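Q: dropping a prediction and its sequence here:
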Amino acid sequence: HYDICTPEYARFDDIQQKKWESTRGIGHSFGANRNERPEDFVTATELVRSFADIVSKNGNLLIGIGPDPTGRFPEEQLVPLRGLGSWLETNGEAVYRTRPWVTAEAVTTEGTAVRFTQCNGSVYAILLDLPQREFGIRGVDATAVNDVRMLGLGEPVDWRVADGLLTVRLPDRMPVSPAHVLALGGGMRP
């Protein structure tokens, strides 16, 4: 008997009907462990991409960290958390107050993984890597899309829809980010 499922280090392939929460440590432990090496800690990029995957499938993320013997949090535990916080400053619109979209994931025509959320008539496509400069999003019908913007980008992106395929052309210079987010106005269909 429980009100929310909390699997450790979990990943699902599909949207879960019931809200769930993935619990994980920054490393292999849920606290400071002097035996963990730098390669045992999740990177900010891995944490952001995992978080986007979890949110797109109706989940929350609980991250366990712990103080060292002096009562301080080791810097290697804080670096990924700061990276996630920085990413959320720019891309939080695709996470806060959102719900999973009808489809949790897709890939671009270039093979980049995409995760989806939605809020107030907009669908957010979270690109889990930087695709080629021009790409389409496979497996969804974008016929109804009437606006495309990239969160955190100070300039518009070029886009078009042909036969239901949304094709986006990114500017030459893109900000460094573990995941880029497209806000798609007008809606899409699976």
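A: Okay, I see it. Numbering: from 1, shown residues only.
Q: list the contacts for the residue of the chain most remote from its centre?
A: What lies farthest from the middle of the chain is Thr70; by CA atoms, centre = their mean that is 33.9 Å. By CB atoms under 8 Å, 6 or more residues apart in numbering, Thr70 lies in contact with nothing. Just so you know, the C-beta spots here come from the backbone N, C-alpha and C atoms, and that holds for glycine as well.
Q: quick one: the residue nearest the centre of the chain from Pro67, how far?
A: Geometric centre of the chain, nearest residue: Ala52, 2.2 Å, by CA atoms, centre = their mean. Distance of Ala52 to Pro67, computed by CB to CB, to the nearest Å: 28 Å.
Q: ok so, going back, wait, a helix at the residue farthest from the centre of the chain?
A: No: under DSSP: H, G, I helix; E, B strand; the rest coil, Thr70 falls outside any helix and is assigned coil.
Q: separation between it and Arg34?
A: Per CB to CB, Thr70 is found 12 Å from Arg34.
Q: grab the longest strand from the chain for me.
A: Ranked by residue count, the top strand of the chain under DSSP state E comes out as strand 99-107.
Q: give the rounded mean pLDDT of that strand.
A: Here strand 99-107 scores 96 as its mean pLDDT.
Q: in that strand, what's buried?
A: Within strand 99-107, the residues that count as buried by 16 or more other CB atoms under 10 Å are 100-101, 103-107.
Q: check stretch 108-116 too.
A: Quick answer for stretch 108-116 (16+ other CB under 10 Å): 108, 112-116.
Q: which of those fall in strands?
A: Reading strands off the buried residues of stretch 108-116 with DSSP E, I get 113-116.
Q: just give me how far the lengthiest helix in the chain sits from the chain centre.
A: Ordering each helix of the chain by length in residues (DSSP state H) puts helix 75-91 first. How far helix 75-91 lies from its chain's middle: 13 Å, per CA atoms, centre = their mean, to the nearest Å.
Q: what residue ranges in the chain score low on pLDDT?
A: The chain contains residues with pLDDT under 70 at 1.
Q: quick one, helices of it?
A: Using DSSP H, helices in the chain cover 44-56, 75-91.
Q: TSV for these, including distance to Asp163?
A: Below are those laid out as TSV (distance: least, CB to CB, whole Å):
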stretch	distance to Asp163
helix 44-56	25
helix 75-91	29
